[in-house]
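J.: test case, fold it:
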Amino acid sequence: MARRKRKSYGGVVDGTTYKDATPQRVVDILESSRKNRERLCIRYGDKETGRDWGDMRMCGHVGRSTGTEKIPLLIKTRRSMGGEGILDDAIIEIRKPGKTPRVLYRHPKYHK
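T.: Residues are numbered from 1 along each chain as shown. Model prediction:
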């Protein structure tokens, strides 16, 4: 029986470049957040095992870099100038922060 591959997307979506191994659901969430200026919390981890790296939790607004190849950035506040590049292919969990945080995406094998 053949193993099913995760659906992934690599390429340019609305002007933002994503890595080939980035799941389509992650691309959709990041693009929606960028367009709607919503704050997200992102956890990074091993994309094969789903294991959380533990120390890699970041929160902010999604933006994108300037130049010929625009990559997604996580910007601390709406007023900030620039931010850190998002490791979109290493995201294992995305949450919407607030009084009742909501998980928007979780890697199928997610664990700490």
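J.: who's in contact with the strand or helix carrying Ile29?
T.: Of the helices and strands defined by DSSP states H and E, Ile29 is found in helix 24-36. Under the criterion CB atoms under 8 Å, 6 or more residues apart in numbering, residues 7-9, 13-14, 16, 18, 38-40, 61-64, 72, 86, 88, 91, 94, 104-105 lie in contact with helix 24-36. In short, each C-beta sits where N, CA and C put it, glycine included.
J.: just stretch 75-89 next, same as before
T.: Contact with stretch 75-89 is made by 18-22, 26-27, 30, 37, 42, 44, 47, 58, 60-63, 65, 71-74, as judged by CB under 8 Å, 6+ apart.
J.: can you tell me which of these are buried?
T.: Among these, those classed as buried by 16 or more other CB atoms under 10 Å are 18-19, 22, 26-27, 30, 42, 44, 47, 60-63, 72-74.
J.: go through those and flag which are in helices.
T.: 26-27, 30 (DSSP state H).
J.: any idea which of these is closest to Asp52?
T.: Nearest to Asp52 out of those is Val26 (CB to CB; 15.5 Å).
J.: so how far is Ile86 from the closest one?
T.: Applying CB to CB, to the nearest Å, the value for Val26 to Ile86 is 9 Å.
J.: so which helix or strand takes in the closest residue to Lys112 other than its chain neighbours?
T.: Counting by CB to CB, 6 or more residues apart in numbering, Asp52 is the residue found nearest to Lys112 once chain neighbours are left out, at 4.6 Å. Using DSSP H and E, Asp52 sits within strand 52-64.
J.: show me what that strand is packed against.
T.: Using 3 or more CB pairs under 8 Å, 6 or more residues apart in numbering; DSSP states H and E, the elements in contact with strand 52-64 are helix 24-36, strand 39-45, strand 72-75.
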